[in-house]
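**Q** Below: sequence and its predicted model.
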Amino acid sequence: MYDLLVIGGLGVDVRVRVPGLPLPVVDSVTVDPIDLRIGNTGAGVLLAAHALGLRVAVIDTIGADPAGDVVRAALARTGVHATLAEDPAGTRRSVNLVDPAGHRMALYDPRDSDGPAPFPTERVAALVEDATHVHLSIMGWVRDLLPDLAGVLAEGVSSSTDLHDWDGRNPYHRPFAEIAELVLVSGAALGDRAATTAATFAPGPVLVTRGADGAELHLGGRVHRVPAAVPPGPVVDTNGAGDAFAAGVVAARSRGATWAEAAGYAAGVAAAACTHDGMEYPPGLLPLP
């Protein structure tokens, strides 16, 4: 039995430290050593959850390429149970530009292929049934399976999804929000539509994250302010903070916390994650519930 099953979202991050954002338009900029490591949203959630002591599994596609080898090696170091299929389009990747304050701009290459779902519904459903909580990454192949997974997710398995910088209008994201118990979404593109957008998914909780400005928990027609936590050290990389926040909510809820308590705890997890370079967190860095 797994505490958390992450469906989709594996990839690699090419981390580039830059002198500032936006970059000047010049021929070249000298930077610190450029790192290639496991990344993307599904990896961020599962690695943070693993660091928080949860039993984690993941199912996804990655390429038979050097980037895929980086992902496989990182998963092997954690002992996370991984069900992987080969994606002929290759491994998803992001180039993350990080300034001296830890702020990030990500250039995302989804490598999505147009083929059929890489796993039969029965195989994914079996993993879902063996999990307490399921986190749905907004991958194309995951979206294709959502109608077939609706019944399994409704049978006592809690679920979540992160819509990232959704603007509240793009129809691609809505099926994920309609099937998940908990919806997380960045407030970056929602503007003043956060409350009205969250209301469309009532009565379930919606967490609108706002980085250093904390978050808002929309629940039962009310808005609960979630203050940002003070990082326990210098901020070096905000990449993965939102994923760590999601993992923190899942971890706290698995131990009986209310939604408000879980969100407050998750803010501390996200703050701690910002003090580490990368998503493979050392023991003791992320605060346990």
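**A** Great, that's in hand. Numbering: from 1, shown residues only.

**Q** quick one, strands of the stretch 1-150 of the chain?
**A** Remark: strands assigned in the stretch 1-150 of the chain by DSSP state E, counting those that start in this stretch are 2-7, 11-17, 35-39, 56-62, 81-86, 93-98, 104-109, 131-136.

**Q** any idea how far the first one is from the chain center?
**A** By that I understand strand 2-7. Distance of strand 2-7 from its chain centroid, counting by CA atoms, centre = their mean, to the nearest Å, is 12 Å.

**Q** who touches that strand?
**A** Residues from elsewhere that reach strand 2-7 (CB atoms under 8 Å, 6 or more residues apart in numbering): 42, 45-46, 49, 54-60, 81, 124, 127-128, 130-137, 139, 142, 247, 250, 254. Every residue, glycine included, has its C-beta placed from N, CA and C.

**Q** Let me see the ranges of the helices in the protein.
**A** Assignment of helices within the chain using DSSP state H yields the ranges 41-51, 66-78, 121-129, 140-153, 174-179, 194-199, 241-254, 259-273.

**Q** Check the offset of the fifth one from the chain's centre.
**A** Using CA atoms, centre = their mean, the distance from the centre of helix 174-179 to the centre of the chain it belongs to is 16 Å.

**Q** Next: the first one.
**A** The chain centroid and the centroid of helix 41-51 are separated by 7 Å, computed with CA atoms, centre = their mean.

**Q** and that helix, what other elements does it pack with?
**A** strand 2-7, strand 56-62, helix 66-78, helix 241-254 (3 or more CB pairs under 8 Å, 6 or more residues apart in numbering; DSSP states H and E).

**Q** returning to that earlier point: okay, the helices of the chain in CSV with mean pLDDT, mean neighbour count and distance to residue 29 next?
**A** Below are the helices of the chain laid out as CSV (pLDDT from 0 to 100; neighbours: other CB atoms under 10 Å; distance: least, CB to CB, whole Å):
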stretch, mean pLDDT, mean neighbour count, distance to residue 29
helix 41-51, 97, 28, 27
helix 66-78, 96, 17, 24
helix 121-129, 93, 16, 43
helix 140-153, 90, 16, 34
helix 174-179, 94, 18, 37
helix 194-199, 86, 17, 36
helix 241-254, 97, 27, 25
helix 259-273, 97, 24, 27
